[in-house]
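[1] how would this look folded up:
(one chain, ligands or ions: 1)
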Amino acid sequence: MHTESANPHLTVWFNDAFVPLAQANVSVLTHALHYGTALFEGIRGYWEPNKQELHLVRMREHFERWKRNANILRIAIPASVDELCEITAELCRRNGFRSHVYVRPLAYKSAVRIGVPPDEHDSYSISVLPLSEYLSGKKGVTAAVSSWRRIQDHAIPCRAKICGAYVNSVLAVDEARRNGHDEAIFLNEAGHVAEGATSNLFMVRNGRLITPAVTDNILEGITRASVMELARKQLNLEVVERSIDRSELYVCDELFFTGTAVEVTPVLAVDHRPVGSGEPGTITQKLRNLYIDATRGRLPGFAEWLWPVYSSARSIDKIA
Ligand code: PMP
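    You can find the predicted model right below:
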């Protein structure tokens with residue numbers, strides 16, 4: 001995704017103020033840095049040159065998920081969802097972005113001391129960076145079932161984007177890449193398919209769309225929900241949430257990852273076995289195109305998913 005360091009002149013939201021990234025620093029003794037006690041989000045914004053507008057995608061839902069899941073770690077995010085949306089849109093405007101962007105909210109245990117027991121010192125920041133394509137969404141990717149198991153809800157809940165939990169994803173994607181694959185697929189402790197390292201997984205079998213249930217140790221993805229809605233409303237497809245066996249990955253007709261960063265990315269092979277014909281599947285491509293159109297403001301009926309940054313500009317002096 002990003003191979004270069006972020007521009008230090010970027011304006012970010014840090015400790016209730018808009019500041020240059022170079023000034024948005026934490027102590028080396030910060031609780032979250034030592035114990036992983038932080039929670040992040042990832043939100044996309046798409047620049048639409050024809051409309052000269054930047055659309056933030058399902059921003060409310062992302063901030064709602066962030067605030068809800070902060071309850072798991074008992075991190076307080078005092079700002080309302082509306083305020084968080086306004087701050088993010090203002091960040092885009094202050095940085096003058098006229099490109100696709102990626103928004104990274106981060107809430108963390110901010111006490112500066114040694115010791116695991118958490119206290120009530122909580123902080124949060126919001127950064128927005130320019131972004132292009134993450135995985136090769138058009139062409140498709142190869143994947144391998146990881147030798148690492150998905151973390152369990154009764155150990156570290158993965159329905160929340162808990163920073164410490166992402167060690168699980170880092171190990172899996174590193175293994176997959178070093179073994180020559182693009183992505184990892186996690187099984188959970190029950191041996192069922194959970195998700196990718198940073199994405200949810202869908203399978204097509206006999207014209208039905210199947211994805212693991214939210215109780216199968218997955219992140220409750222917002223793109224997952226979007227794709228399910230598009231499949232039902234636009235393609236009249238049956239969508240089933242149920243456990244998936246590993247060997248179903250080898251016999252299914254189509255397979256794809258979903259996520260804010262990866263969008264809808266076809267999986268062309270799993271464990272060196274071609275998925276279907278080995279080319280992006282028909283239903284996958286239809287869903288990918290629908291998702292692209294909906295998130296760029298080109299699909300009627302889905303405008304409520306989008307927050308237009310420039311035409312929604314209003315004064316937020318009260319929070320600046
Ligand atoms: N699973 C994991 C582990 C992820 O990190 C992500 C990316 N946020 C997803 C699924 C997809 O979630 P979303 O569609 O909300 O981005």
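[2] Tell me how many other residues crowd the closest residue to the ligand within the stretch 1-150 of the chain.
    Residue of the stretch 1-150 of the chain nearest the ligand, by C-beta to the nearest ligand atom: residue 42 (4.9 Å). C-beta: built from backbone N, CA, C; applies to glycine. Counted by other C-beta atoms under 10 Å, the residues lying close to residue 42 total 17.
[3] tell me the contacts of the residue lying closest to it once chain neighbours are set aside?
    Spatially, and ignoring its direct neighbours in sequence, residue 42 is nearest to residue 260 (4.7 Å; C-beta to C-beta, 6 or more residues apart in numbering). By C-beta atoms under 8 Å, 6 or more residues apart in numbering, the contact set of residue 260 is 42, 43, 44, 57, 62, 102, 221, 222, 223.
[4] what do you get for residue 157?
    With C-beta under 8 Å, 6+ apart, residue 157 has these contacts: 72, 165.
[5] Which strands border the helix or strand where residue 45 lies, and is each parallel or antiparallel?
    Counting by DSSP states H and E, the element that carries residue 45 is strand 43-48. Next to strand 43-48 in the sheet, as set by DSSP bridges, lie strand 53-57 (antiparallel), strand 101-109 (antiparallel).
[6] avg pLDDT for that strand?
    Averaged across strand 43-48, pLDDT comes to 96.
[7] before we move on, what about stretch 102-115?
    According to the model, stretch 102-115 has a mean pLDDT of 98.
[8] Pull out the buried residues from that stretch.
    102, 103, 105, 106, 107, 108, 109, 110, 111 (16 or more other C-beta atoms under 10 Å).
[9] same check, this time on stretch 6-14
    10, 11, 12, 13, 14.
[10] Need the phi and psi values for the second one.
    For residue 11, the backbone dihedrals are phi -90, psi 130 (criterion: degrees, to the nearest 10).
[11] Also the last one?
    Residue 14 has phi and psi values of phi -150, psi 130 when expressed as degrees, to the nearest 10.
[12] From residue 112, how far out is the closest residue to it other than its chain neighbours?
    Counting by C-beta to C-beta, 6+ apart, residue 14 lies nearest to residue 24, which is 3.8 Å off, once chain neighbours are set aside. According to C-beta to C-beta, to the nearest Å, residue 24 and residue 112 sit 16 Å apart.
[13] swap in residue 180?
    Taking C-beta to C-beta, one finds residue 180 at 43 Å from residue 112.
[14] near the ligand, which residues of this structure show up?
    42, 169, 195, 198-200, 219, 221-224, 258-260 (C-beta under 6 Å from any ligand atom).
[15] Would you format those as CSV with secondary structure included?
    Shown next, in CSV, are those (DSSP: H, G, I helix; E, B strand; the rest coil):
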residue, secondary structure
42, coil
169, helix
195, strand
198, coil
199, coil
200, strand
219, coil
221, coil
222, helix
223, helix
224, helix
258, strand
259, strand
260, coil
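[16] Among those residues, which one is most surrounded by other residues?
    For the residues of the chain next to the ligand, neighbours tallied by other C-beta under 10 Å; top is residue 199, 31 neighbours.
[17] Now for it: which residues touch it?
    Per C-beta under 8 Å, 6+ apart, neighbours of residue 199: 183, 221, 223, 257, 258, 259, 261, 262, 265.
[18] Also residue 70?
    With C-beta under 8 Å, 6+ apart, residue 70 has these contacts: 39, 76, 77, 107.
[19] I'd guess residue 139 is in a strand, am I close?
    No: going by three-state DSSP, the assignment for residue 139 is coil, not a strand.
[20] State the number of residues packed around it.
    Neighbours around residue 139, by other C-beta under 10 Å: 12.
[21] what does residue 22 give?
    Neighbour number of residue 22 under other C-beta under 10 Å is 12.
[22] tell me the SS of it?
    helix.
[23] Is it in contact with residue 9, as I believe?
    Yes: look at residue 22 against residue 9 with C-beta atoms under 8 Å: they come within range, at 7.3 Å.
[24] which residues of the stretch 51-200 of the chain score low on pLDDT?
    Across the stretch 51-200 of the chain, the ranges flagged by pLDDT under 70 are 132-135.
[25] quick one: the helices in the stretch 101-250 of the chain?
    166-178, 222-235, 248-251 (DSSP state H, counting those that start in this stretch).
[26] Out of those helices, which is the most enclosed?
    The highest mean neighbour count among the helices of the stretch 101-250 of the chain, using mean count of other C-beta atoms under 10 Å, belongs to helix 222-235: a mean of 19.
[27] Who are the packing partners of that one?
    helix 59-73, strand 200-205, strand 208-211, strand 239-241, strand 254-259, strand 263-270, helix 282-295 (3 or more C-beta pairs under 8 Å, 6 or more residues apart in numbering; DSSP states H and E).
[28] how big is the angle separating that helix from helix 59-73?
    140 degrees (axes from the mean of the first three to the mean of the last three C-alpha atoms, to 10 degrees).
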